[in-house]
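> Give me the fold of what follows.
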Amino acid sequence: MDRAAKKELVETLSGVFSETSLVVVGHYSGLKVSEITDLRRQMRAAGASFKVSKNRLTKLALQGTKFEGLAELMKGPTAIAYSADPVAAAKVAVDYAKKNDKFVLKGAVMGGQQLDVEGIKALATLPSLDELRARLLGMIQTPASRIASVLQAPGGQLARVLSAYAKKDEEQAA
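Next comes the predicted model:
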């Protein structure tokens, strides 16, 4: 990799770090290419990204960002997972680490706060942004549907009463 390509990679990573809310660091020693590809696919499906990059270049990209504390974890075969949704990358990383002993979580930073492995696991148990949106929408819609049913109830009761009187009148006329 020539100097220009390295500079471009550092700039790209710096841009990623400025747009991201969570970065998870993990060691992937012993993982096969197919396993890393599978992990990338799972991350992409969850709306997150997974990148293996040179530690020195990643440390340069981390300088001056809210993720600067991750530089100390950049030793050995290291990869980063990141996402705008603070839960997505953590969920996939924790699930993958449970299934595969060769992928080891080292730490993370979310919104400038450093997390240890237990913090990442706790974050992974939270509902994702999409799940929270669905719950909120359900909570908003529930009162509206209750109001509609309450408003329709008197009309339905009135219709049943009128129907009963109509049947009673038909029976008396017959």
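> other SSEs contacting the helix or strand where residue 95 lies?
Taking DSSP states H and E as the criterion, residue 95 maps to helix 88-99. Using 3 or more CB pairs under 8 Å, 6 or more residues apart in numbering; DSSP states H and E, the elements in contact with helix 88-99 are strand 22-27, helix 33-45, strand 78-83, strand 104-110, helix 117-124. C-beta here means a position set from N, CA and C on the backbone, and glycine is covered the same way.
> Let's see that with 6 Å instead.
strand 22-27, helix 33-45, strand 78-83, helix 117-124 (3 or more CB pairs under 6 Å, 6 or more residues apart in numbering; DSSP states H and E).
> Going by mean pLDDT, which of these comes out lowest?
Here the lowest mean pLDDT among those goes to helix 117-124, at a mean of 87.
> Identify the bridge partners of the nearest residue to residue 117 once chain neighbours are set aside.
Closest residue in space to residue 117, ignoring its immediate chain neighbours: residue 105 at 5.0 Å, by CB to CB, 6 or more residues apart in numbering. Bridge pairing for residue 105 (DSSP bridges) gives the partners residue 26.
> Residue 105: what's it in contact with?
26, 97, 117, 120 (CB atoms under 6 Å, 6 or more residues apart in numbering).
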